[in-house]
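Chemist: A predicted structure for the sequence below; I have some questions about it.
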Amino acid sequence: MKSQGSTDWVVHKFGGTSVYDAACFRKVADIIESQPSSAAGSRLAVVLSAAKGTTDVLLGLVTLAEKQDATVGAQLQALRDRHQAIAEGLLDAAAAAQWLAQFDRDRADLEGVLHTTSLMRSAAQNVRDLVAGYGELWSTSLFTAYLAARRKAAGVNRPVRWLDARQCVVVEWGPLGPGVHWETSRARLNETGASDFAGTLVIPGFVARTPQGVQTTLGRNGSDFSASIFGALLDAAEIHIWTDVDGVLSADPRRVPNAQVIDQLSYNEAMELAYFGAKVIHPQTMAPAIGRSIPIYIRNTFAPDHPCTLICAAPKSDLVVKGITTIENIALINIEGAGMIGVPGTAHRLFGALREEGISVILISQGSSEHSICCAIPQAEADRAESVVRAAFTRELAEGQIQSVEATKDLAILAVVGDGMAGTPGVSAKVFNALGAAAVNVRAIAQGASERNISVVVDGRQATRALRATHASFYLSPNTLSIGVIGPGTVGRVLLDQLAGEQARLSREFKLDLRVRGILSSKRMLLSDRGVSLANWREQYEGATAPSDLARFIEHVQVDYLPHTVIIDCSADESVAKHYRDWLAAGHPYRHAEQEGQQRGHVVLRLAARGAEHRRLALPVRRHRGRGPADHPDAARPARDRRCHRQHRGHLLRHAGLPVQCLRHHRAVLGHRARRQAARLHRA
C-alpha cells in the first residue's frame, strides 16, 4: 500500500444513488469536505455517475425514437424538470439559470440526434453511446458548480475544476470489453494540466473516446472503471467507491439477513466474489488498481462512519471464508461413457464445440476415472449446448462409446470464497456438513488448486437454503438461538427485561448468541430479522403495526439459517399450546445434524402465571450425544428442572432436546425470577 503524502491524489467515486437528488448532492459534498485529504495542498478526484435512473431513461429515448414514438419529447421534458429541481435546490437563481442554459443546449443536441434516429428507424452503437453519456456530464457539471459556490460562501480557498473524461481516456472495445490505451490516455491527461492541479477535480464517469475520436462508454458500471482508470493515471494513493451499502457483504442480505460486512479482501477474493454475482466492483474495474497496488475502499454514502471493506494486495483479516454467494439459472451438461476413459482430447472436443457456438462455461467437474465430465452453463443456452455436444460426439454416441449426453436445468452454483481456506483443514467438511444438515443435495463439485474457491452445483429451489446453511456454519456461533416470545404481559415483559440484562453475560461466559426475533400478543406483533434490541424493546413493540398472526410469527422465528429455535409461551393460552407438537415437529429434520458438537433443534418453553391451568405434554427428547436417554421425557429432564417443576407450579417448561446445555440451567433460573417478579408486580 502506498504511503499517502501531501501531493498524493485520492479518488472518490459516487454511484447513481449517491446523486439521486439535491439532498444526496449535499451529502456527497459533506463527505468530500470532511475527508482528511481535503486539507489545503492536498488533491482529490471526484468521479460521479449519472443521477439514478437517468442512463436508463436516455437509452429508452433511443428505443422510442427508433419506434417513432411521440412520447420522446415528454420524456426529455421530464429529464429537464428533474435536473431543474436539483439545480434550483443547490444553486442560487442566477447560477441555476446559467446551468440550465447549458442543459438546454445539450437537450437541443439530443433532440437532433433522436430526430435523425426516428427518420432512420435504427441507431448505431455509437449513437447509443453518445446519448447515454449525457447523464454523467450533467451530474458532474452541476456538482462542480455547487461545490465551488459552497466553498466560496464558506471562504474556503480551494479550487474546483471540471475535467472532461472524453479529453483523456482513450479506449478500444474488444472481445473482453473496453481496453485502455494507457500511454495515449496519460499523455492526453498531461496535456490538460490536470495532473498538476492543486485542488479538487470533478470527473464524469462512464464516458471516453475511441482512438478515432468517437465518443464511447465503458459499459454498465463503467463509472467504477473510470475511477480505477483515473486512480492509475493520477498515481493515486487510494480509491474510494461510495455506494448505498456499507461494503462488501458476506452474502446477499436479501436472502441471508445475518450477512456481515467483510472487513478486508484481497484483490483475488474480490474478483472471485464478483464473478459469482456478489455486489462488489467488477474484476475488470479493479484491473488498473491491481496493477499499481492501489487500495480500494467500498463505503456507504448514507452511513460514512459505518465499517467499510478494504480491497488490497495483502489484507489482514482473521476470516477464513470471506464470502458465500450463488449464481442462479444454471444448467449442467453431463457427458458420460466408458469409451472416454484414457482417451486424450475428449475435454478439448467438448469445450471446443461449446466455444465455437459462443457458449460460456462457468464450472467444470470431472472424476479421476474419466468416465464422465460435466460443465455448468447459463440455463438459457442449455438446449443449444446439448445439441452442439451431441453433434460433436455423433459417432461415439452411435457406437456406444459415449452412453449419454444430458442437460439438467433449474440448478444453481454455490461458491465459498476465501484466501484463508488454502492449507486450512476442515473447510470443505464444514461446507458439506452444513449442506447435508440442511438436506441439500450436491450435483457437482469444483475446487481449484489455489483452494480459494469451493463451488458446488445444487438444485435451484434449494439455493437459498444452501446459502443460508453454509453462511451460518461459518459466520454464526453454533449457540445462536432464534427466540420468539408469545405474550409480553406481566410475565413476558419481566422475562424480556431479564434477557436484556443477562444477554451480554450469557454471550461472554457461555458463548450464547440470543436473538429475540419476534414478540407476539393477541393484538400485534414485532418481527426483526437481526433481533430486537432488548434495551428498548417496549418502544419498538408499541410502535409495531403488524397485526397478530401466529402462523406468520412462527414461520419468522423458525428460520433455517439459524442453528436453534426457542419459542417462549408466556400467554397461558391453550389455543397457543395446542400448536406445540407441530412446532417441535418442525425441528425433527435437524435433530441428528451436529454442528460444532451441538445439535440443531427447536425448544418450547412455557412460562405461565401461578394458577394458570396446564397439562403435561409428553414429547420425544433426543439428548446431547452420550448424555442420557433419548426417549423418556421425565428421565431426560435434568434434576434441577424436576425440582423447578415441583417447587414452582405453573412453570411448565416443555422441551425437545435443548440445543445448548447451559440453557437448561438458565431457563429455570429465568423462569423462577420472572414468575417471582411478576408476583410482586401483581401484589403491587
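Modeler: Happy to help now that I have it.

Chemist: give me the neighbour count for residue 109.
Modeler: Neighbours of residue 109 under the rule other C-beta atoms under 10 Å: 13. All C-beta spots, glycine's among them, are computed from the backbone N, C-alpha and C.

Chemist: part of a strand, is it?
Modeler: No - if the criterion is DSSP: H, G, I helix; E, B strand; the rest coil, then residue 109 is helix and not within a strand.

Chemist: how far away is it from residue 210?
Modeler: As judged by C-beta to C-beta, to the nearest Å, residue 109 and residue 210 stand 19 Å apart.

Chemist: now swap in residue 47 and tell me
Modeler: 20 Å.

Chemist: and residue 557, by the same measure?
Modeler: 58 Å.

Chemist: check residue 228 too.
Modeler: Relative to residue 210, residue 228 is positioned 19 Å away (criterion: C-beta to C-beta).

Chemist: the two: which is more packed in?
Modeler: A side-by-side neighbour count of residue 228 and residue 210, using other C-beta under 10 Å, places residue 228 first with 30 against 16.

Chemist: for the more buried one, what are its contacts?
Modeler: Residue 228 makes contacts with 239, 281, 285-289, 294, 296, as judged by C-beta atoms under 8 Å, 6 or more residues apart in numbering.

Chemist: skip the chain neighbours and tell me the closest residue to it.
Modeler: Leaving aside its chain neighbours, residue 228 sits nearest to residue 288 (4.4 Å; criterion: C-beta to C-beta, 6 or more residues apart in numbering).

Chemist: what's the helix or strand containing the one you found packed up against?
Modeler: Using DSSP states H and E, residue 288 sits in helix 283-291. Packing partners of helix 283-291 (3 or more C-beta pairs under 8 Å, 6 or more residues apart in numbering; DSSP states H and E): helix 222-233, helix 267-275.

Chemist: following element in sequence after it, please.
Modeler: Toward the C-terminal end, the helix or strand that comes next after helix 283-291 (DSSP H and E) is strand 296-300.

Chemist: and that next one, which strands flank it?
Modeler: Paired neighbours of strand 296-300 in the sheet (DSSP bridges): strand 238-243 (parallel), strand 309-312 (antiparallel).

Chemist: show me the shaky parts of the stretch 451-600 of the chain.
Modeler: Counting by pLDDT under 70, the stretch 451-600 of the chain contains low-confidence residues at 477-478, 560-561, 563, 586-600.

Chemist: now the helices for it?
Modeler: Assigned by DSSP state H, counting those that start in this stretch, the stretch 451-600 of the chain shows helices spanning 463-475, 490-510, 537-542, 550-557, 574-577, 580-585.

Chemist: which of these sits most buried?
Modeler: Most buried of these, by mean neighbour count (mean count of other C-beta atoms under 10 Å): helix 463-475, with a mean of 23.

Chemist: you'd agree residue 230 is up against residue 204?
Modeler: No - judged on C-beta atoms under 8 Å, residue 230 makes no contact with residue 204 at a distance of 10.8 Å.

Chemist: of the contacts of residue 228, closest to residue 546?
Modeler: Set against residue 546, the nearest of the contacts of residue 228 by C-beta to C-beta is residue 281 (37.2 Å).

Chemist: now do the SS call for that closest one.
Modeler: Residue 281 - assigned by three-state DSSP - is coil.

Chemist: ok so, going back, can I get the helices and strands packed on helix 283-291 in a markdown table including mean pLDDT and distance to residue 60?
Modeler: Shown next, in a markdown table, are these (pLDDT from 0 to 100; distance: least, C-beta to C-beta, whole Å):
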| stretch | mean pLDDT | distance to residue 60 |
| --- | --- | --- |
| helix 222-233 | 92 | 18 |
| helix 267-275 | 86 | 27 |
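
Chemist: next one: the residue most central in space within the chain from residue 310, what distance?
Modeler: The residue lying closest to the centre of the chain (C-alpha atoms, centre = their mean) is residue 252, at 3.2 Å. Residue 252 sits at a distance of 21 Å from residue 310 (criterion: C-beta to C-beta).

Chemist: could you do residue 354 as well?
Modeler: Residue 354 sits 38 Å away from residue 310, taking C-beta to C-beta as the criterion.

Chemist: tell me the one of the contacts of residue 228 nearest residue 421?
Modeler: Nearest to residue 421 among these: residue 286, at 20.8 Å, using C-beta to C-beta.

Chemist: not counting residues beside it along the chain, what's closest to residue 434?
Modeler: In space, and not counting its chain neighbours, residue 434 is closest to residue 473: 3.8 Å by C-beta to C-beta, 6+ apart.

Chemist: in this structure that neighbour contacts residue 429, no?
Modeler: No - the pair residue 473 and residue 429 fails to qualify as a contact (C-beta under 8 Å) at a distance of 10.1 Å.

Chemist: any low-confidence regions in the stretch 101-250 of the chain?
Modeler: Counting by pLDDT under 70, the stretch 101-250 of the chain shows no low-confidence range.

Chemist: list the contacts of residue 122.
Modeler: Residue 122 makes contact with residue 66, according to C-beta under 8 Å, 6+ apart.

Chemist: can I take it that it is in a helix?
Modeler: No - in this structure, residue 122 is coil, not part of a helix, as judged by three-state DSSP.

Chemist: need phi/psi at the nearest residue to residue 332 once chain neighbours are set aside.
Modeler: Closest residue to residue 332 apart from its sequence neighbours, by C-beta to C-beta, 6+ apart: residue 408 at 4.6 Å. The phi and psi values for residue 408, taken as degrees, to the nearest 10, are phi -110, psi 120.

Chemist: run a quick neighbour tally on residue 408.
Modeler: Around residue 408 there are 18 residues (other C-beta under 10 Å).

Chemist: quick one: contacts for it?
Modeler: 331-332, 334, 443.

Chemist: out of these, which end up buried?
Modeler: In those, burial by neighbour count holds for 331-332, 334, 443, counting by 16 or more other C-beta atoms under 10 Å.

Chemist: return the subset of the residues you listed lying in strands.
Modeler: Counted as lying in strands by DSSP state E, out of these, are 331-332, 334, 443.

Chemist: now those in TSV, with distance to residue 545 and pLDDT?
Modeler: Below are those laid out as TSV (distance: C-beta to C-beta, whole Å; pLDDT from 0 to 100):
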residue	distance to residue 545	pLDDT
331	43	95
332	45	95
334	51	92
443	43	92
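
Chemist: on that earlier part again, and the helices of the stretch 451-600 of the chain as JSON lines, adding distance to residue 434?
Modeler: Shown next, in JSON lines, are these (distance: least, C-beta to C-beta, whole Å):
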{"stretch": "helix 463-475", "distance to residue 434": "4"}
{"stretch": "helix 490-510", "distance to residue 434": "23"}
{"stretch": "helix 537-542", "distance to residue 434": "31"}
{"stretch": "helix 550-557", "distance to residue 434": "21"}
{"stretch": "helix 574-577", "distance to residue 434": "32"}
{"stretch": "helix 580-585", "distance to residue 434": "22"}
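
Chemist: and of those, who's closest to residue 136?
Modeler: helix 463-475 (34.9 Å).

Chemist: show me what that closest one is in contact with.
Modeler: Here helix 463-475 has contacts from 250-252, 255-256, 258-260, 320-321, 324-326, 328, 412, 414, 416, 430-431, 433-435, 437-440, 456, 458, 480, 559-563, 595, using C-beta under 8 Å, 6+ apart.

Chemist: so which of those residues are in helices?
Modeler: With helices taken from DSSP state H, the overlap with these comprises 430-431, 433-435, 437.
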